[in-house]
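**Q** Build me a structure from this.
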Amino acid sequence: MTTVEHRRTTALPPEVYVDQEIAGREQQAIFARSWQLVGHSADLREAGRFATVQVGAESALLIRGEDGELRAFRNVCRHRASRLREGRGECGKALRCPYHGWTYRTDGSLIGVPEGRGFAGLDKSTLGLMPARVEQFAGFVFVNLDLDASPLADGLDGLEERLAPYDIPAMERFSESTSSQPANWKIVADNYLEGYHVPIAHPGLMRLLDYQRYTVELGEGYVFFEVPLRDKPSGNRLERAYQRMVRPMPGLGPADRGVWRFVFLWPNTTIDLYPDQVSTWQINPTAIDATHDVWACYRTERPSAALRAVQRLNHRLNIAVADEDADLVARVQAGMATTGWQPGPLGEREAGVAWFAEHVRAALELTR
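**A** Take a look at the predicted model:
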């Protein structure tokens with residue numbers, strides 16, 4: 001992992017954010033070939049547990065089998081394309097389609113077809129669930145629809161070591177939610193990937209964070225950000241309370257008390273590392289100008305009352321930032337329709353935007 005201050009490229013051209021043909025290509029070129037966050041490893045610890053995740057326009061289904069093996073499949077019945085499950089839960093020893101009752105073992109094999117004699121030449125051995133790849137990393141579970149995909153860790157050199165002090169495998173989920181944003185998913189990603197807009201658009205963050213010490217490091221498959229909290233007490237009551245009360249979670253050292261860290265995983269997942277909690281965010285496209293966002297927050301088990309109070313403050317502070325960002329990305333989406341507009345140069349604080357643009361260009365085989 002290296003800091004790359006001098007790598008420069010222009011941002012993506014406007015058609016990449018507004019052209020329906022390009023949006024259609026993204027499913028196979030990006031989402032069907034990338035590792036997508038499913039959730040915490042605890043969600044799939046016991047036999048019979050399942051979880052689903054949106055993968056662009058498709059859905060994947062993960063199941064812990066009776067043999068203890070964790071497997072992933074495309075979340076679709078082989079009969080008439082019904083989605084098999086939504087969310088997380090328990091499927092027991094078999095998975096029954098809610099449409100016509102086709103039934104699969106937890107290893108994906110088809111074992112039951114109602115009125116099977118009415119299907120001429122039915123060969124159940126050829127109609128098992130369509131497999132996908134699954135891997136676990138630093139306490140999280142990821143899926144990839146591409147059976148030939150490179151291992152997840154190949155592009156994440158050094159990240160597991162950075163996450164280790166937070167002991168994410170031992171954490172518990174204490175909050176989850178969904179939201180939407182009125183912009184192309186890549187505009188939302190661009191916005192996350194730079195702090196250049198913070199002094200103008202996020203007054204609360206400017207009071208809390210030492211913007212001049214905001215650092216960005218670029219890896220192959222991820223970008224890592226770090227910014228310390230200011231020593232000077234904020235003039236805002238909630239921010240000042242957070243500064244005063246925040247303490248590092250078990251496993252973190254004193255130096256972690258005053259630092260926020262952020263990770264962007266290609267192509268659409270973030271992991272935010274706070275002294276008091278860890279949160280994840282998956283940015284899913286639902287239209288060319290809309291996203292469906294999935295959020296989750298994790299903390300150490302049996303947190304103290306003081307830690308829970310700090311986590312509530314953190315939540316309120318970040319809700320305000322998210323509202324500000326939703327307005328920003330909507331403005332950018334509207335501006336992309338301007339005739340004749342082309343992107344201006346990127347500054348050194350926008351190195352993450354340049355990194356993302358390079359990845360999109362490579363995936364879509366764009367020449368500019």
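
**Q** Distance check, Arg349 against Val198.
**A** Between Arg349 and Val198 the distance is 9 Å, computed by CB to CB, to the nearest Å. Bear in mind the C-beta positions are built from the backbone N, C-alpha and C, glycine included.

**Q** Mutual contacts of these two, please.
**A** Residues touching both Arg349 and Val198 (CB atoms under 8 Å, 6 or more residues apart in numbering) are Tyr214.

**Q** how about low-confidence regions in the protein?
**A** For the chain, applying pLDDT under 70 flags the ranges 1-8.

**Q** which one in it is furthest away from the centre?
**A** Arg117 (44.6 Å; CA atoms, centre = their mean).

**Q** Just to be sure, that residue is in a helix?
**A** Yes: counting by DSSP: H, G, I helix; E, B strand; the rest coil, Arg117 is found in a helix.

**Q** what about the spatially closest residue to Pro199 that is not a sequence neighbour, neighbour count?
**A** Leaving out its chain neighbours, the residue that sits closest to Pro199 by CB to CB, 6 or more residues apart in numbering is Met206, at 5.7 Å. Neighbour count of Met206, defined by other CB atoms under 10 Å: 15.

**Q** likewise Ala23?
**A** Ala23 has 20 nearby residues by other CB under 10 Å.

**Q** From Asp190, how far off is it?
**A** 16 Å.

**Q** now swap in Arg237 and tell me
**A** In terms of CB to CB, Arg237 sits 32 Å off from Asp190.

**Q** Look at the two and report which has more neighbours.
**A** The neighbour count for Arg237 versus Asp190, taken as other CB under 10 Å, is higher for Asp190 (22 against 8).

**Q** Give me the spatial nearest neighbour of the residue most central in space within the chain, chain neighbours excluded.
**A** Against the mean C-alpha coordinate of the chain, by CA atoms, centre = their mean, the closest residue is Thr269 at 2.3 Å. The shortest distance from Thr269 to any residue other than its chain neighbours is 4.6 Å, reached at Leu37 (CB to CB, 6+ apart).

**Q** Contact partners for the residue nearest to His100 when sequence neighbours are not counted?
**A** The spatially closest residue to His100, leaving aside those adjacent along the chain, is His79, at 5.8 Å (CB to CB, 6+ apart). By CB under 8 Å, 6+ apart, the residues touching His79 are Cys97, Tyr99, His100, Trp102, Val113, Leu127.

**Q** again with Leu156
**A** Contacts of Leu156 by CB under 8 Å, 6+ apart are Phe137, Gly219, Glu220, Gly221, Tyr222, Leu265.

**Q** ok, it to Trp102 distance?
**A** Leu156 is 37 Å from Trp102, by CB to CB.

**Q** Does Asn284 touch Ala290 like I think?
**A** No: with contact taken as CB atoms under 8 Å, Asn284 and Ala290 are classed as non-touching, separated by 9.8 Å.

**Q** out of those two, which sits in the more crowded spot?
**A** Between Asn284 and Ala290, counting by other CB under 10 Å, Asn284 is the more crowded of the two (20 against 16).
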